[in-house]
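quick one, what's the 3D model for this:
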Amino acid sequence: MPLGTLDRTPPPFFKQGYSAFTRLIFFSALALFLMVADTRFAVTQPLRAVVATVLHPVELALLAPVKMFQGGHEYLAGLSAARQGETQARELLAKQAERVTRMEQLEQENARLRALLDLRPRLSVQSQTAEVLYDTADPYTRRVVIDRGATQGVERGSPVINEAGVLGQVTRVYPLTSEVTLLTDRDAAIPVLNVRSQGRGAAYGDPGSTAIGGGMELRFMAGNADVQPGDLLNTSGVDGIYPPGLPVAKVVKVDRRADSAFAKIVLAPVAVPDGARHVQVLQPVGAQLPPRPAPVEAAASAPAAARKGARKP
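Reported below is the predicted structural model:
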């Protein structure tokens, strides 16, 4: 084939078109024009709005996995924090419940002690505060043990009271503790004075009458005695042990029997023995009385005996 017949033009694949520098100048000028036009005249704003609207579902679809991951992480973190908060809240609630219980006990104890302090100025005898430790083990008696004994100056026969009235009497004294026989014990007895009628009597413990709201009995009272339900009985002070004027009991029931010369009078103690926690131990009134003077004959014979002794060599 002769050389003149050959096609020397480059194939379409190798056609370059405009040079690279020309295209660079053109597109740079176009970009600069669009930036100036967008800044001054906002010509691309509608185009941007259309593109943003079209691409918005695509953005949401692409962000869905990210949001699901973030939401799951936040859910797990929030669930863990909620469990920890619940645990802390339960612990705090338990501590507060314990604190509230102790505060209620302290408030009750404070009220009782204040009542005891209010009762103290009306007493003309020495007293000391004690706490009830426990009831005695004997089921047939009504006795309690307090935390004051001979070391603190407690004596046998000392009256024991609380903010409501008389509770009982000390019957046994140990070095550090004492045993108190309550008024409802079957062996307890206390002289009383009816505040309304000013009649005197003796109240005894009667555990069998607790079923009808009693616990004590006013014995040896005539059938026509001036005693009515609701009468308040105080200590009379004639026994030399209890100070006068302390509340003892109230009359619950009066049974005037025709076949008996005495009335059956049921009493309810003013001071509830089962609820007593803090008490006051009083010194017996008889211990504060001045000593009795010596008889005249003994006083006269004492100097004579002394003179006879002086005459002997």
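
next up, the contacts around Leu193.
199-201, 233-236, 244 (Cβ atoms under 8 Å, 6 or more residues apart in numbering). Bear in mind the C-beta positions are built from the backbone N, C-alpha and C, glycine included.

surely Tyr174 meets Thr151?
No - with contact defined as Cβ atoms under 8 Å, Tyr174 does not count as touching Thr151 (9.2 Å).

ok, back up a step: now restrict the contacts of Leu193 to buried residues only.
199, 201, 233-236 (16 or more other Cβ atoms under 10 Å).

what segments of this structure are helices?
Shown for the chain, the helices assigned by DSSP state H span residues 20-41, 45-119, 296-311.

which one of the ones you listed lies closest to Arg277?
When the helices of the chain are compared by Cβ to Cβ, helix 45-119 sits nearest Arg277, at 6.5 Å.

so that closest one versus helix 20-41, what angle?
60 degrees (axes from the mean of the first three to the mean of the last three Cα atoms, to 10 degrees).

outline the domain layout of the protein.
Here the domain parsing of the chain from automatic domain parsing is 19-122, 127-288.

of the buried ones among the contacts of Leu193, closest to Gly214?
So of those, ranked by how close each gets to Gly214 (Cβ to Cβ), first place is Leu233, at 12.6 Å.

excluding its backbone neighbours, what's nearest the closest one?
Val192 (4.0 Å; Cβ to Cβ, 6 or more residues apart in numbering).

identify, from the buried ones among the contacts of Leu193, the entry nearest to Glu131.
Within those, proximity to Glu131 (Cβ to Cβ) peaks at Thr235, which comes in at 23.3 Å.

show me what the closest one bridges to in the sheet.
Val192 (DSSP bridges).

just to revisit the earlier point, can I assume the residue nearest to Leu233 is in contact with Lys250?
No - with contact defined as Cβ under 8 Å, Val192 does not count as touching Lys250 (10.8 Å).

shared neighbours, those two?
Leu233.

still on that earlier bit, can you pick out the most distant pair from the buried ones among the contacts of Leu193?
Maximum distance among those (Cβ to Cβ): 14.0 Å, for Gly199 and Thr235.

which one of Val192 and Lys250 has more residues nearby?
Val192 (26 against 18; other Cβ atoms under 10 Å).

how many neighbours does Val266 have?
If we define neighbours as other Cβ under 10 Å, then Val266 has 22 of them.

how much space between it and Gly230?
Counting by Cβ to Cβ, to the nearest Å, the gap between Val266 and Gly230 amounts to 12 Å.

mutual contacts of those two, please.
Contacts common to Val266 and Gly230, judged by Cβ under 8 Å, 6+ apart, are Val251.

what's the closest of the buried ones among the contacts of Leu193 to Ala276?
For those, the nearest to Ala276 is Thr235 (17.4 Å; Cβ to Cβ).

separation between the closest one and Arg256?
For Thr235 relative to Arg256 (Cβ to Cβ), the value is 25 Å.

and Val154, how many neighbours?
22.

same deal with Thr171?
Thr171: 17 neighbours (other Cβ under 10 Å).

just the one 4 residues further on next, same as before
Burial of Pro175 is recorded as 9 neighbouring residues (other Cβ under 10 Å).

state the distance from it to Gln280.
Using Cβ to Cβ, Pro175 is found at 21 Å from Gln280.

re earlier: Gly205 is nearest to which of the helices of the chain?
Distance to Gly205, taken as Cβ to Cβ, is lowest for helix 45-119 among these, at 22.8 Å.

just checking, what packs against the closest one?
Helix 45-119 is packed against strand 278-282, with contacts defined by 3 or more Cβ pairs under 8 Å, 6 or more residues apart in numbering; DSSP states H and E.

sorry, back to before: winner for burial among the domains of the chain?
Most buried of those by mean neighbour count (mean count of other Cβ atoms under 10 Å) is domain 127-288; its value is a mean of 18.

where in the stretch 51-200 of the chain is pLDDT low?
98, 101, 114, 117-124 (pLDDT under 70).

just the terminal-to-terminal distance for stretch 140-149.
24 Å (Cα to Cα, to the nearest Å).

what's next to it, contact-wise?
Contacts with stretch 140-149, where a contact means Cβ under 8 Å, 6+ apart, come from 128, 130-136, 154, 160, 168, 171, 173-182, 184-188, 205, 207, 273, 276, 279, 281.
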